[in-house]
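Enquirer: sequence and predicted model, in that order:
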Amino acid sequence: MIYCNKSNPFYSHDHCNKSDGFLLMEFHYSPGLKVTLFAILLNTYTITVIGNVVIIIIVSANKQLHTPMYFFLVNLSFLDILLTCTITPKFLSLLASGNGGISYVGCMIQCYTYFFLGSTDILILAIMSFDRFMAICNPLRYMAVLSPRLCLNLALGSWVCAFVDTTLLVVHLNFCGSNRINHFFCDVDELVKLACTDTQYLNLLTFILSALIVFGSLILIIISYINIIIAILKIPSSSGRYKSFTTCSSHLVVVGIFYIGTVFMSLRSIKSSHVDFNKLAVILSTIITPLCNPFIYSLRNDQVKCYVKKMWRDVGKYMENRSGRW
């Protein structure tokens, strides 16, 4: 809840009205560059949503893909759609109109949703690494251990843990000074900077919870892949090693892209750099990674590629029939 503290030296009546909301950063670019950025972002957003929706449809319609790996992939695609829809539409509006105004409620919803979905994304990636570990290191027990019930519980557990983790960060802050956010969305770190109350404990809590989610998941991924590499190296034939590696290479690429963004976020404290690592991290996690996921997983799976071709042929035949009627 926002309220004004008139005794605070940073008190400003213009910025203390809850209905005023916040102002996101302005982009002081030439009109031509803004149009170019808008077009690139709009195309990326469209392809991301369509690509992930297609993945969900393909996995749901093809019974051969009803396996634990693709069950978690559907969760990941659904998360990617929600995550990119949380940030990108307002970003597009900011580029198109230059109006960075966002209401207090809208800002809080965007901030909470981004970190909730981001935390869930990290946990799902960690579970997918365990899935790849079971598929390669314990193939005979794979389907028995990763039963549909366990897969459902793991997915639901990820959503619940991320919800609890993010809920603990929802606190009441007093905003009594500037309402300008140096970001293209309502980032919690920027909101904390605008608060006129002591945020020491909030920063500590944020660090602890982030460490539990991010580094805990990273440790699980590293342990899984160490065991996967050991198991692959024990395979006598080179073709067998290659086949085993390809079963986890897609997930490994996605994890790599995602954690590059996490490294950028850890470098945001470097004040002397001309690169804003925090903004780069958000672009990687909410725009680049959701865009890459459908292509990374589909292009490495023959079943998915065949089903996409079949869908494309069916759509082509449908359009021909429609045009023939006219």
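Expert: Yep, it's here.
Enquirer: the closest residue to L220 other than its chain neighbours: neighbour count?
Expert: Leaving aside its sequence neighbours, L220 sits nearest to A126 (C-beta to C-beta, 6 or more residues apart in numbering; 4.7 Å). The way it works is simple: take the backbone N, C-alpha and C, and place the C-beta from them, glycine included. A total of 22 residues lie near A126 under the criterion other C-beta atoms under 10 Å.
Enquirer: for the longest helix anywhere in the chain, what is the average pLDDT?
Expert: When the chain is parsed with DSSP state H, its longest helix is helix 104-137. Mean pLDDT, helix 104-137: 88.
Enquirer: ok, now stretch 161-173?
Expert: So the average pLDDT for stretch 161-173 ends up being 73.
Enquirer: oh, and call the first residue 32 from now on, that's how I've got it
Expert: Sure thing, new numbering starts at 32, so read that last one as stretch 192-204.
Enquirer: tell me which strands and helices the longest helix of the chain is in contact with?
Expert: Here helix 135-168 touches helix 99-128, helix 173-176, helix 179-198, helix 219-225, helix 247-264, helix 269-297, going by 3 or more C-beta pairs under 8 Å, 6 or more residues apart in numbering; DSSP states H and E.
Enquirer: so which other helices or strands are in contact with the last one?
Expert: Under the contact definition 3+ C-beta pairs under 8 Å, 6+ apart, helix 269-297 sits against helix 135-168, helix 247-264, helix 308-314, helix 320-329.
Enquirer: what angle do helix 99-128 and that helix make with each other?
Expert: Here the directions of helix 269-297 and helix 99-128 differ by 40 degrees (axes from the mean of the first three to the mean of the last three C-alpha atoms, to 10 degrees).
Enquirer: chain center to helix 269-297: distance?
Expert: On the basis of C-alpha atoms, centre = their mean, to the nearest Å, helix 269-297 sits 16 Å off its chain's mean C-alpha point.
Enquirer: any idea of the mean pLDDT for that helix?
Expert: In the prediction, helix 269-297 has an average pLDDT of 74.
Enquirer: what does the pLDDT read for S43?
Expert: pLDDT, S43: 37.
Enquirer: how about the one 4 residues further on?
Expert: Per-residue pLDDT puts C47 at 44.
Enquirer: ditto for the one 3 residues further on
Expert: At S50 the predicted local confidence, pLDDT, stands at 51.
Enquirer: next one: S108
Expert: The model's pLDDT for S108 equals 90.
Enquirer: hmm, it is touching L322, no?
Expert: No. Between S108 and L322 there is no contact under C-beta atoms under 8 Å: 11.7 Å.
Enquirer: who's more crowded, the two?
Expert: S108 (25 against 21).
Enquirer: how about that one: what's its closest non-neighbour residue?
Expert: Nearest to S108 is N83, by C-beta to C-beta, 6+ apart, at 4.0 Å.
Enquirer: on that earlier part again, so which of the helices and strands packed on helix 269-297 is nearest L240?
Expert: helix 135-168 (8.5 Å; C-beta to C-beta).
Enquirer: what's the offset of the closest one from the middle of its chain?
Expert: With C-alpha atoms, centre = their mean as the basis, the mean position of helix 135-168 lies at 7 Å from the chain mean.
Enquirer: with stretch 335-350 instead?
Expert: 29 Å.
Enquirer: mind listing what's buried in that stretch?
Expert: V335, Y338, V339 (16 or more other C-beta atoms under 10 Å).
Enquirer: cool, stretch 270-289 as well?
Expert: Within stretch 270-289, the residues scored as buried using 16+ other C-beta under 10 Å are S275, T278, C279, S281, H282, L283, V285, V286, I288, F289.
Enquirer: distance of the last one relative to F109?
Expert: In this case it means F289. 16 Å (C-beta to C-beta, to the nearest Å).
Enquirer: and the second one, by the same measure?
Expert: If you measure T278 against F109 using C-beta to C-beta, the figure is 22 Å.
Enquirer: which helices and strands sit right next to whichever helix or strand V90 is part of?
Expert: Per DSSP states H and E: V90 is located in helix 62-92. With contacts taken as 3+ C-beta pairs under 8 Å, 6+ apart, helix 62-92 sits against helix 99-128, helix 320-329, helix 333-356.
Enquirer: so which of those comes closest to P62?
Expert: Closest to P62 of the helices and strands packed on helix 62-92 is helix 99-128 (C-beta to C-beta; 10.7 Å).
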